[in-house]
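[1] Fold the following.
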Amino acid sequence: MATRLRLQRHGGKGSPFYKIVAADSRAKRDGRYIDQIGTYNPTTVPATIILDVDKAVKWLQTGAEPTSTVKAILSYKGAMYKKHLLRGVTMGVVKEEDVETKFNEWVSGKEGKVLDHKKKADEHKKAKLEAVVKAPPKAKKVEEVVEEPAAEETQNEETVAETAEETAAETTEETTAENTQENAE
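    As a prediction, this is how the structure comes out:
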C-alpha cells in the first residue's frame, strides 16, 4: 500500500480549509484517510498551519511520500529537518540527545525570522498607506491633460465652424436664386 501525505479539502466555495492527512494513494482526494497530522488554512493572513511534527516524521520514516504542497509545509514547520536529524542518528553521525536541542534551536531561529518578516511586511503596508494618503489627488493631473487637447479641439472647432458658415452661405445663395426664378415665372 503506497501512502501519501496530502491535503484534504474542506470548507465552502471560495473559502478553502485543508486537513493534512496520511492516506492511501488510491483513495479519493476527500475520501478515507489513515491519520490526520495537521490543518492548513490559506485564507487567513498569514496562512495558519497546525502540524503534529512527530506524527509527520513518523509517517515520513515509514515511507509516506508527501505531495509538493505538503512537502513545502513540512519543510516550513521543520518536519523534514527533524527527519534528517533522526536519519543521522540511525547512521551514527548525530547523538540522539542532540536531535531535540538542534531541532528546538532551529525552531526558535525560524520563529524569529518569521516574526521579523511579519514586522517588515506590516511596516511596508503602513508606508504604502501613508504614501497613498500623502499623495496629491489625481484630479489635478487629469485637468492638465484635458487642457492640452481642449486647445486643439477649439482650433478644430473654429475650422469646422468656418467651413459650416461657408457651406451655409452657399446654400442660402442657391436657395435665394431658385426662389427668385420661381417668382419670376
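
[2] Going by C-alpha atoms from here, please, whenever you check contacts or count neighbours.
    Will do.

[3] So residue 41 is in contact with residue 16, correct?
    Yes. Distance between residue 41 and residue 16: 7.1 Å, which falls inside the contact criterion (Cα atoms under 8 Å).

[4] Those two - which one has more neighbours?
    For residue 41 and residue 16, the more surrounded residue by other Cα atoms under 10 Å is residue 41, and the numbers stand at 18 against 14.

[5] Report the contact partners of the more buried one.
    16-18, 47-49 (Cα atoms under 8 Å, 6 or more residues apart in numbering).

[6] one more time with 7 Å, if that's ok
    Residue 41 makes contact with 17-18, 47-49, according to Cα atoms under 7 Å, 6 or more residues apart in numbering.

[7] Then residue 99?
    For residue 99, the contact set (Cα under 7 Å, 6+ apart) comprises 85-86.

[8] so it is in which element?
    helix 96-134 (DSSP states H and E).

[9] Could you pull out the buried residues of that helix?
    For helix 96-134, the neighbour count (16 or more other Cα atoms under 10 Å) marks 99, 103 as buried.

[10] What pLDDT is listed against residue 145?
    Residue 145 is assigned 53 on the pLDDT scale.

[11] How about residue 173?
    Predicted confidence (pLDDT) for residue 173: 60.

[12] just residue 18 next, same as before
    92.

[13] How about residue 123?
    pLDDT, residue 123: 80.

[14] residues contacting it?
    Neighbours of residue 123 in contact, by Cα under 7 Å, 6+ apart: none.

[15] how near is it to residue 116?
    Remark: distance between residue 123 and residue 116 (Cα to Cα, to the nearest Å) = 11 Å.

[16] Any idea how many residues pack against residue 40?
    Neighbour tally, residue 40, other Cα under 10 Å: 21.

[17] correct me, but it touches residue 21?
    No. Residue 40 lies out of contact with residue 21 (Cα atoms under 7 Å); the separation is 10.7 Å.

[18] how about stretch 4-23: buried residues?
    4-8, 17-23.

[19] Quick check: the farthest pair among those?
    By the measure Cα to Cα, 4 and 17 form the most distant pair in the buried residues of stretch 4-23, at 18.8 Å.

[20] residues of stretch 60-74 that come out buried?
    60, 64-66, 70-71, 73-74.

[21] now these in TSV, with pLDDT, secondary structure and distance to residue 85?
    Shown next, in TSV, are the buried residues of stretch 60-74 (pLDDT from 0 to 100; DSSP: H, G, I helix; E, B strand; the rest coil; distance: Cα to Cα, whole Å):
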residue	pLDDT	secondary structure	distance to residue 85
60	88	helix	13
64	87	coil	17
65	90	strand	18
66	91	strand	18
70	90	helix	19
71	90	helix	17
73	89	helix	18
74	89	helix	14
